[in-house]
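Fold the following.
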Amino acid sequence: MKQTVYVESSVISYLTSRPNRDVIIAGRQSVTLDWWENQRHRFELRISVLVEEEISRGDSSAAQQRLDKVTEIQSLLISDEAIRIADLLLAEKAVPKGSEEDALHIGIAVAQGADFLLTWNFKHINNAEKKAAITRLIESAGYACPQLCSPEELGGMQDD
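All right, here's what the predicted structure looks like:
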């Protein structure tokens, strides 16, 4: 059985955005494209209606490109359980006020039992200090916390 990856919006954005001159952004774009082409098939991918909403924003042509990438990925509704988890993360300040959508991405991934939450969001999700606090809170509430990671971190080669 394949492990499940909840793909957060930033990954889809890096996958479809125009090449960037900033070396860090360009590197993330390259890693994302490589992961998408060579690693994603090892996993069961999931998104949510929140991901669909976020990638629909902005330029209509760019939004359509993003949406086209996820058409065959199962999209999950936002459950009451996911909302409760997000509210807990916000109330305990594991995710700061004003970052409700980030907390909700985590809540959705936790509620669906994802093995990984794939993101380029190093500010509120895949941040060493935040990850520790998020994991402790999720586990103290009786849930398993998905691995919060970037495509680069989930890029290990498959054993033959």
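
and residue 77, what is it in contact with?
Contacts for residue 77 (CB atoms under 8 Å, 6 or more residues apart in numbering) come out as 48-49. Using the backbone N, CA and C atoms, a C-beta is placed for each residue, glycine as well.

let's see it at 10 Å
48-50, 108, 112 (CB atoms under 10 Å, 6 or more residues apart in numbering).

Show me which positions of stretch 115-125 end up buried.
Residues of stretch 115-125 classed as buried by neighbour count (16 or more other CB atoms under 10 Å): 115-121, 124-125.

now those residues as TSV including secondary structure?
Shown next, in TSV, are the buried residues of stretch 115-125 (DSSP: H, G, I helix; E, B strand; the rest coil):
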residue	secondary structure
115	coil
116	strand
117	strand
118	strand
119	coil
120	coil
121	coil
124	coil
125	coil
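
Which residue in these has the weakest pLDDT?
Ranked by pLDDT, these bottom out at residue 124 (90).

Which pLDDT value goes with the closest residue to it other than its chain neighbours?
Using CB to CB, 6 or more residues apart in numbering and skipping residues adjacent in sequence, the residue nearest residue 124 is residue 102, 4.2 Å away. What the model reports as pLDDT for residue 102 is 97.

I'd say residue 102 and residue 109 touch.
No. Using CB atoms under 10 Å, residue 102 is not in contact with residue 109; the gap is 11.2 Å.
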